[in-house]
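# Here's my sequence, what's the structure:
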Amino acid sequence: MQYIKAPMNYIGNKYRILSQIQKWFPRKVDLMVDIFCGGCDVTFNTKANNHIANDLNFFVIEIYKEFQQLGIEKALAQIDQTIYNWKLTKENKQAYEQFRAYYNKTKNPIDLYVLMCYSFNYQFRFNAAHEYNNPFGKSRSSFNSVMRENLKKLQGVIEQVQYTSYDFREFDYSLMKSGDFLYADPPYLITCGSYNDGKRGFKGWGEQDEKDLYEILDMLSTRGIRFALSNVSHHKGEKNDILLGWRKAHKYHMHKIKFNYNNCNYHTKNSRNTTQEVLITNY
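Numbering: from 1, shown residues only. Predicted coordinates:
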């Protein structure tokens, strides 16, 4: 299957393991809710009659809303014009820093997307004041031909998605009914991902968040709504006992996912310390 790659490098994205997790997804779905959608790789590649992509990171959500409103062709034209106007290149650090200062005053979503394209590792990073603070991606980052093609492939796809930005506890789950499907890819409690440390301008993820999410998933299950939860059961000798205990108590199904975490330094020479990604389903 040919997958659509989201046009942004969102940390924790599931693009490389889509085939593994989607083989466990329901075949027929009316409404699909991606409650921690991030860059939307899962949203864009899951068949359903209707899609809602939700994420607390409203900056990303606003970018996709802007892509929808403008249309992909106009968005691309605006991206190209912005790059030209600001003289952005892989080597022009001064232009990048001037553009970053400009964005932090104006907060235009398309400008944020362009800024991300020239930043270190193409990441979204914000300080506590919600100012973008990712450094320049010297000699590496730019709005390249691959990103352009990924954005073009969203034509006809992005229009089918409704975007929202709520804390997962505040989302209106009354919208969902039997036959619908929720996918949850929250920050992982026992990993060291920077999205989980509260230093990206958004609060971190703790045990209470984990328990609150499981409570919501249990509620959906009692209403006949299917869910799939991505998480990590083991990491560097640690176990997510909250996850494992909850899964066992409710007799949910746990599927092991193969994924190489070398880029995150999650693997060690001791095989007992490797990270085990899992997908929990209630069907």
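
# Helix, strand or coil: sort out the closest residue to residue 10 other than its chain neighbours for me.
Using C-beta to C-beta, 6 or more residues apart in numbering and skipping residues adjacent in sequence, the residue nearest residue 10 is residue 39, 3.1 Å away. For every residue, glycine as well, the C-beta is placed using N, CA and C. Under the three-state scheme (DSSP: H, G, I helix; E, B strand; the rest coil), residue 39 adopts coil.

# what sits against residue 39?
Counting by C-beta atoms under 8 Å, 6 or more residues apart in numbering, residue 39 touches 6, 8, 9, 10, 13, 60.

# quick check, nearest of these to residue 140?
residue 9 (11.6 Å; C-beta to C-beta).

# Which of the three states applies to residue 233?
From three-state DSSP, the assignment for residue 233 is strand.

# OK, contacts around it?
By C-beta under 8 Å, 6+ apart, the contact list for residue 233 reads 239, 240, 243, 244, 254, 276, 278.

# The fifth one should be in a strand, yeah?
Spelled out, that is residue 254. Yes: counting by three-state DSSP, residue 254 is found in a strand.

# Which residue comes closest to the residue most central in space within the chain once chain neighbours are left out?
Compute the mean C-alpha point of the chain, and by C-alpha atoms, centre = their mean the closest residue is residue 38, 1.9 Å away. Distances taken as C-beta to C-beta, 6+ apart put residue 10 closest to residue 38, at 4.3 Å, once the chain neighbours are dropped.

# I'd guess the one you found is in a strand, am I close?
No: looking at residue 10 with three-state DSSP, it is coil, so not inside a strand.

# In this structure it contacts residue 36, no?
No: with contact defined as C-beta atoms under 8 Å, residue 10 does not count as touching residue 36 (10.5 Å).

# Disregarding residues adjacent in the polypeptide, which is nearest to residue 239?
residue 233 (6.7 Å).

# could you measure the one you found against residue 283, distance?
From residue 233 over to residue 283 the distance is 19 Å, taken as C-beta to C-beta, to the nearest Å.

# Ok, residue 255 next?
Relative to residue 283, and taking C-beta to C-beta, residue 255 is found at 12 Å.
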